[in-house]
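In: Structural data only, the sequence is not supplied:
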């Protein structure tokens, strides 16, 4: 479930949270709608700094610690890239 909090703009706190299914990095229609709203707000305020952060659960990747860390890294990058692409596509 995605969450959008425009009241946090300019505070250094999260403005939008996108939650992904286990092992997934695809955005739902609602996620894209929220990111479009965020992009429009960003443009209305004249731009500025925007940080996109991707995370993964600790359970991704199996029992080998190195493989697990690599799998978590990959899914984190895929998730943050999906969000960044959606924001870019929205302006």
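Out: Now that the structure is in, tell me what you want to look at. Bear in mind the structure is a predicted one, so any value in this text is a computation, not a measurement. Numbers count the residues shown, from 1 in each chain.
In: so which strand or helix has residue 34?
Out: Take DSSP states H and E as the rule and residue 34 turns out to sit in helix 29-44.
In: name the helices or strands packed onto the next helix-or-strand element following that helix?
Out: For helix 29-44, the following helix or strand on the C-terminal side (DSSP H and E) is helix 65-89. Contacts defined by 3 or more C-beta pairs under 8 Å, 6 or more residues apart in numbering; DSSP states H and E place helix 65-89 against helix 29-44. Glycine gets a C-beta too; all of them are placed from N, C-alpha and C.
In: Grab the nearest non-local neighbour of residue 73.
Out: Counting by C-beta to C-beta, 6 or more residues apart in numbering, residue 73 lies nearest to residue 56, which is 7.7 Å off, once chain neighbours are set aside.
In: Next up, the contacts around the one you found.
Out: Taking C-beta atoms under 8 Å, 6 or more residues apart in numbering, we find residue 56 in contact with 71-73, 75-76, 79.
In: Now do the helix holding residue 34: everything it contacts.
Out: Contacts for helix 29-44 (C-beta under 8 Å, 6+ apart): 1-4, 6, 9, 15-16, 18, 27, 48, 50, 83, 86-87, 90-91.
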